[in-house]
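Trainee: I would like to see how this sequence folds:
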Amino acid sequence: MLEIVLVGLFGLLLIGPLLMNIVGPFIIWRTQKIPTVVQFEPLSDDTFYEHCSALAQGYDQQLHDAGFAALGNSSMHDTHTNTYLRLYWHDVLKLASTVVDMVGANQSTLSYCELSQKYTDGRWLNVSNSNRSEAYPELPIKQSFHFPDARGVEALLALHRQLRSKVKREVQPVNYLGDQGFDEITLFLREESDALLAKGLLKPDIDANGKRSLTLYGAFVMTWRSVWPGRVIATLVKQRVAKRWLHSG
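Mentor: Predicted structure coming up:
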């Protein structure tokens, strides 16, 4: 009798993930679209602080203490999420940073800090402390590393320096004027969408809202990377790759 009960409980535990992995992609396929031509909505400092979490405000202070200057605030509103971001630039390091608060339906707020640097090879090196794995597979336009345990800006800066010395030792960072910061993000999002299109994850048509629809294959890929067990596997693989780069010769 106990064995039957245990098997039944185990089956119930599997039903949720099975439904998310089998049915979820079809829901995502019909409802989710990927921003391609983005028009950022400017926000005042007061409006940004009104929406952002205490954690995001802490990152903001740490970035100022580290010599970053704020370039402005903006927001993006997608099908399931509202994202508020504040962009910074360090003129000596030629390094950009973004503080992000992502508020999703039926999800806790995701707050993180990301350091981004563009190089003369056209690729980006991104280091963040986001605790969620990316829904996208690895793309040729960027190398991104997540360190959820790096709680402070100084820790992220140290990690970025280490990775740059190993990943980008042969190229130089690109300098851009502060007032072009959001233009760079707009360009990056378009390049990211084109890279996803090239991998067969998106359809080519861009709708009136500047978005592309997912292919069914793309919906399966993004769902698998966003729910259990694929999310856990993708996160572990990404963390392992990051550690391998940090400890490489």
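Trainee: quick one, phi psi at the most centrally placed residue in the chain?
Mentor: Centroid check for the chain by Cα atoms, centre = their mean gives residue 134 as the closest residue, at 5.6 Å. Recorded main-chain torsions at residue 134 are phi -70, psi 140, according to degrees, to the nearest 10.
Trainee: Can you report how many residues neighbour residue 63?
Mentor: Residue 63: 23 surrounding residues under other Cβ atoms under 10 Å. Every residue, glycine included, has its C-beta placed from N, CA and C.
Trainee: Might one say that it is in contact with residue 113?
Mentor: Yes: between residue 63 and residue 113 there is a contact under Cβ atoms under 8 Å: 7.3 Å.
Trainee: Could you tell me which residues within stretch 172-186 count as buried?
Mentor: For stretch 172-186, a neighbour-count test (16 or more other Cβ atoms under 10 Å) marks 173, 181-182, 184-186 as buried.
Trainee: Show me which helix or strand of the chain is least confident by mean pLDDT.
Mentor: Counting by mean pLDDT, DSSP states H and E, the weakest-scoring helix or strand in the chain turns out to be helix 2-22, with a mean of 51.
Trainee: Now stretch 213-226: average pLDDT?
Mentor: Averaging pLDDT along stretch 213-226 gives 93.
Trainee: ok, back up a step: can you tell me which of the buried residues of stretch 172-186 is nearest residue 248?
Mentor: Closest to residue 248 out of those is residue 173 (20.6 Å), distances taken as Cβ to Cβ.
Trainee: Give me the pLDDT value at that closest one.
Mentor: 92.
Trainee: give the contact list for it.
Mentor: 94-95, 117-120 (Cβ atoms under 8 Å, 6 or more residues apart in numbering).
Trainee: change it to 6 Å
Mentor: 94, 117, 119 (Cβ atoms under 6 Å, 6 or more residues apart in numbering).
Trainee: Which residues does the second one form beta bridges with?
Mentor: Under the criterion DSSP bridges, residue 117 forms beta bridges with residue 125.
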